[in-house]
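In: Structure of the sequence below:
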Amino acid sequence: MDKPLSVAVAAVILEGKILAIKRERGDYTGYWALPGGKIEQGEHVGEAAEREILEEAGLETVFDSYLGIVSEVFGEKQFMLHVVELEPSEMDVSSGEEGEVRWIDIEDVGEEKFIPSDRLIIEKVVSGSGGYYECLMEGSGDGHEVRNFELKGRGFQD
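Out: Presented below is the predicted three-dimensional model:
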């Protein structure tokens, strides 16, 4: 297994809605996901999240808080998902080459075809108490499944 890939995952919430992207490539093609991407060399987590939202949704945001981290293992890949909350400047978004972008009611996340671990991130990290989670994903094609999503450490204190 290669070393873990550090990824900034953004929870952009406004008026009870969360920003989501329908992936057009990669392991999760056709699935809705929280937007985000790889943290570049010399970049802080918040900066990476803000950059990714601008690239994927054409939306200016400002870092609000660090919510938690998820250590996700999927086959031979491991990701360190740094979940942050960003404040949006407005509701207008535009889809790009990464996929369709839209606002989804937080209560409706379970009704959409979300990456299973992202659904749990929204439920437990974003809407819950944050913290450190370990996640084991399995599957391919349309058969992605969370085998384990376990809280290993409590949320962060102000």
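In: and the top strand by length along the chain, what other elements does it pack with?
Out: Secondary structure of the chain per DSSP state E: the longest strand is strand 61-74. Packing partners of strand 61-74 (3 or more CB pairs under 8 Å, 6 or more residues apart in numbering; DSSP states H and E): strand 5-14, helix 45-57, strand 77-88, strand 131-138. Any C-beta I mention is one placed from the backbone N, CA and C, and that applies to glycine too.
In: For it, buried residues please.
Out: Using 16 or more other CB atoms under 10 Å as the test for burial, strand 61-74 gives 61, 63, 67, 68, 69, 70, 72, 73, 74.
In: Residue 147 is nearest to which of the helices and strands packed on strand 61-74?
Out: strand 131-138 (4.4 Å; CB to CB).
In: that older thread, turn the helices and strands packed on strand 61-74 into a markdown table, including mean neighbour count, distance to residue 35 and mean pLDDT.
Out: Formatted as a markdown table, these follow (neighbours: other CB atoms under 10 Å; distance: least, CB to CB, whole Å; pLDDT from 0 to 100):
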| stretch | mean neighbour count | distance to residue 35 | mean pLDDT |
| --- | --- | --- | --- |
| strand 5-14 | 21 | 5 | 97 |
| helix 45-57 | 21 | 5 | 96 |
| strand 77-88 | 20 | 9 | 96 |
| strand 131-138 | 18 | 18 | 94 |
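In: Many thanks, we can stop here.
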